[in-house]
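>>> 3D, please:
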Amino acid sequence: NEYKSYLSTMTKRSAVELEEQLNIPDEVETFSLNSDSGDESESEYDFGVNPYREPGENETVVERNGDYEDDDCSSDEEQIRNRVGNIPMEWYDDHDHIGYDIHGHRVGKTKKEGDELDKLLDRMDNPDFWRTVHNKTEGTDIVLSNDDLAIIDKIRGSKYPDLGYNPYEPYVDFFSFEKMETPLVDTPEPKRRFVPSKWEHKKVMKIIRAIRNGWIKPKEDTGPKRPVFYDLWGSSSGESSKNNPMHIPAPKLQLPGNEESYNPPEEYLPTPEERDEWEQTDPEDRSRNYLSQKYPCLRHVPAYPTLINETFERCLDLYLCPRKMKRKINMNPDELLPKLPKPKDLKPFPTTQAVRFSGHEGHVYTTDTSPSGDFVVSGGEDRTVRIWESTTGRELSRLALPDTVTCVTWNKAHSMIAVAAGDTVFFINPGLGDRLKVEDSNKMLLRLTEVKELPTCTWYPVGSGDPTGPRLKITHGHVVRHVTWHNNGNYLAVVMEDAPSCPVLIHNLPKLSSQKPFNKSRGIIQKVEFHPSRPFFFVLSQRYVRVYNLVKQAMVKKLMCSVKWASSMAIHPGGDNLIVGSYDKTLVWLDMDLSVKPYKSLQQHKKAIRDVVFHPRYPLYATASDDNTVIVTHATVYNDLVRNPLIVPVKVLRGHKPGSKYGMLSVVFHPHLPWVYSGGADGDIWLHV
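Numbering: from 1, shown residues only. A predicted model of the protein is given here:
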């Protein structure tokens, strides 16, 4: 192929001239150029013997065993048989030769390389297998001699291969050890030895540019670091401040005054009595270590006798008394506060005192609103339950009970109000709202016709002539502190005081039955709440909130309030967050998906927190405290679990009269509007819009 490519460019020359120019070996027969058609592109070239083509059927491959006709030396180190160059030898795997020698003859394969099984057998049978090396270029196996192995060991050990080589031979100074009349080199010094090299300058600038750009980084010193010593009594400027950035200068001595002058005024000179008193005083009790003296001139001033002692004490003070550098941070205090939105951007929320509901005598312990928001029910210390119009403050009805009313709650599904007074829970149908709901509620309450005694409580039918009076009552034997309805309106949870076994009961109104959710109580239970959408039951004790699954009848979570005494609890409408108020002025926000510990702890009130409540529609919650304030807070809970709730206090509401040790005792939101009702110890209820 090489011959063809060369001849294709020189077709106009004769074959004889090409033979003389190429100096073709004798083994290659002369070729002839046959061109029948006269077209140069279709010319054919016939070669007698072409060493680069594949052998025919009647041809044999010439084996070269390393003996060359024209060379007497047969050493493989001096003559390389295979002249194919640095190419992958895998190209010859499918051929019966491995290359070509210097004359163009094929170099046959002397030994076919076996597979792994042949190598294993050879390793077991051949004692020299460990010192045999296969030469892929020559296709031969070379057995290393002892000298070769010794050279390889020396090279691997970073030693000189030649045993007789001495790298520390004495240096022979041919140019200076013997003085000669005629110098060995008498050529004049070239000019480049005296002129700065511009190429070296370019090389140096290239390295400098690489160092500046960070392409070349100096090697770090990995050796042991030497200890650095600082001058403890050095000045604040100089090398000490550069090497030691935390250097603290020593406190300066007080400058001398008129008392230490060699010629002080007469009033500074001590009297004989003062001198005697100073001498009789102990040295550690003296106010100063010297007495003022007067000299006529500076030459008469003697050496200070206690100079060495005072210098030593000065060194002890600097050495033993620690010093600390105070860094002053120039920071605006407003930058430390979190970035919160403005309250005007978070509207609507109640801001104005609008309507006053007056009529109760004594404390108003509890308030609640109807599902439509048109009516408000309240109860208090005067043992009455009153129903009001929510917008005008007009009293619609009043019901007197035998004991103090501690809690009232309006059923959201039926026309029914549960009132806790003493140890009894009364069920009242106010007769307000939808007529069908009123009739259905009367049927539910009037189903009980006789007394039903249960182990935990007793159900009594109440036949009252008043249509707005109680229709049913349940006695428990202990004072009822808190009652709450389930969202479907069929279940009522009750919390009692000082109950021996379990202070919590759940009443089923359609079935007229009661049950204890727990066998025994854990701690002092303050309040209970139902989950808005899931079968969870929240129980607030003195320091914990326990969450129970009513279907599985097992505790799901135990949340830590981190307060001394919890007072009230409210569940977010979403059900995953809740707030807990305490008597130690702390409000706790708990995120059930985040942790069992509080997400936020806020201390906004100055006195105990009595009640907390969430708005059912707007992102608001309110807290009532004994400091006669209601704090309305914007609280946005995001569906994205990555974002934390946004809690921003927006308004402080006042209006109740101070004077009692109690302040605001209850707070409740309007079900549809951003209004809030607060009941206080002064006997009034205020509506803020």
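>>> pLDDT score for residue 69?
We have a pLDDT of 42 for residue 69.
>>> what number of residues lie near residue 152?
13 (other CB atoms under 10 Å). Just so you know, the C-beta spots here come from the backbone N, C-alpha and C atoms, and that holds for glycine as well.
>>> let me see the contact set for the nearest residue to residue 654 once chain neighbours are set aside.
Excluding its sequence neighbours, the residue lying closest to residue 654 (CB to CB, 6 or more residues apart in numbering) is residue 629, at 5.7 Å. Residue 629 sits next to 605, 652, 653, 654, 663, 664 when contact means CB atoms under 8 Å, 6 or more residues apart in numbering.
>>> ok, so of those, who is nearest residue 430?
Closest approach between the contacts of residue 629 and residue 430, by CB to CB: residue 664, at 25.0 Å.
>>> wait, what's in contact with residue 122?
114, 129.
>>> may I have the secondary structure class of it?
helix (DSSP: H, G, I helix; E, B strand; the rest coil).
>>> pLDDT score for it?
86.
>>> ok, residue 146 next?
Listed pLDDT for residue 146 reads 90.
>>> quick one: it from residue 488, how far?
Counting by CB to CB, to the nearest Å, the gap from residue 146 to residue 488 is 100 Å.
>>> out of those two, which sits in the more crowded spot?
residue 488 (11 against 8).
>>> phi, psi of the closest residue to residue 391 other than its chain neighbours?
The shortest distance from residue 391 to any non-neighbouring residue, by CB to CB, 6+ apart, is to residue 355 (7.0 Å). Main-chain dihedrals, residue 355, degrees, to the nearest 10: phi -120, psi 140.
>>> surely residue 355 and residue 388 touch.
No - the criterion here is CB atoms under 8 Å, and residue 355 misses it with residue 388 at 9.1 Å.
>>> and those two? Which one has more around it.
residue 388 (23 against 19).
>>> check contacts around that one.
357, 375, 376, 377, 378, 394, 395, 396, 685.
>>> please, a PyMOL command that selects the buried ones among those?
Entered in PyMOL, the line below selects the buried ones among these, by 16 or more other CB atoms under 10 Å:
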select buried, resi 357+375+376+377+378+685
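>>> make a markdown table out of the contacts of residue 388 and add secondary structure and pLDDT.
Shown next, in a markdown table, are these (DSSP: H, G, I helix; E, B strand; the rest coil; pLDDT from 0 to 100):
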| residue | secondary structure | pLDDT |
| --- | --- | --- |
| 357 | strand | 92 |
| 375 | strand | 93 |
| 376 | strand | 94 |
| 377 | strand | 94 |
| 378 | strand | 94 |
| 394 | coil | 91 |
| 395 | strand | 90 |
| 396 | strand | 90 |
| 685 | strand | 92 |
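>>> using TSV, lay out the contacts of residue 388 together with distance to residue 416.
What follows is the contacts of residue 388, written out as TSV (distance: CB to CB, whole Å):
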residue	distance to residue 416
357	22
375	13
376	16
377	11
378	17
394	22
395	20
396	16
685	21
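>>> of the contacts of residue 388, which is the nearest to residue 258?
Nearest member of the contacts of residue 388 to residue 258, counting by CB to CB, is residue 685, at 79.2 Å.
>>> residue contacts, the residue nearest to residue 391?
Contacts of residue 355 by CB under 8 Å, 6+ apart are 391, 392, 393, 686, 687.
>>> mind checking which of these are in helices?
Residues of the contacts of residue 355 located in helices (DSSP state H): none.
>>> which residues of the stretch 301-450 of the chain fall in strands?
Using DSSP state E, counting those that start in this stretch, the strands assigned to the stretch 301-450 of the chain run over residues 353-358, 364-369, 375-380, 384-389, 395-400, 405-410, 417-421, 424-428.
>>> neighbouring strands for the second one, and are they parallel or not?
Paired neighbours of strand 364-369 in the sheet (DSSP bridges): strand 375-380 (antiparallel).
>>> what does the last one give?
With DSSP bridges as the test, strand 424-428 is paired with strand 417-421 (antiparallel), strand 470-475 (antiparallel).
>>> distance of residue 292 from residue 377?
Counting by CB to CB - residue 292 and residue 377 are separated by 91 Å.
>>> check residue 426 too.
With CB to CB as the criterion, residue 426 and residue 377 are 12 Å apart.
>>> who's in contact with the residue nearest to residue 470 when sequence neighbours are not counted?
Ranked by CB to CB, 6+ apart and with sequence neighbours excluded, the top spatial neighbour of residue 470 is residue 426, at 4.2 Å. Residues near residue 426 by CB under 8 Å, 6+ apart: 401, 418, 419, 462, 470, 472, 473.
>>> of those, just say which sits nearest to residue 332.
Taking these together and measuring to residue 332 by CB to CB, the closest member is residue 418, at 54.3 Å.
>>> how close does the closest one get to residue 484?
If you go by CB to CB, the gap between residue 418 and residue 484 works out to 9 Å.
>>> just residue 299 next, same as before
Counting by CB to CB, the gap from residue 299 to residue 484 is 102 Å.
>>> in terms of neighbours, single out the busier of those two.
Set side by side, residue 299 and residue 484 show more neighbours around residue 484, with 17 against 6, by other CB under 10 Å.
>>> how about the secondary structure of the more buried one?
Assignment for residue 484 (three-state DSSP): strand.
>>> repeat for residue 154
Quick answer, by three-state DSSP: residue 154 is helix.
>>> for the stretch 401-550 of the chain, what spans make up the helices?
Ranges of helices in the stretch 401-550 of the chain, per DSSP state H, counting those that start in this stretch, are 435-445.
>>> which regions of it sit below the pLDDT cut-off?
464-467 (pLDDT under 70).
>>> please identify the buried residues of stretch 537-552?
For stretch 537-552, by 16+ other CB under 10 Å, it's 537-548, 550.
>>> neighbours around the closest residue to residue 565 other than its chain neighbours, how many?
The spatially closest residue to residue 565, leaving aside those adjacent along the chain, is residue 583, at 4.6 Å (CB to CB, 6+ apart). Counted by other CB under 10 Å, the residues lying close to residue 583 total 18.
>>> any idea how far residue 342 is from residue 492?
Computed with CB to CB, the distance linking residue 342 and residue 492 is 43 Å.
>>> more neighbours: which of the two?
The neighbour comparison of residue 342 against residue 492 (other CB under 10 Å) goes to residue 492, with 23 against 9.
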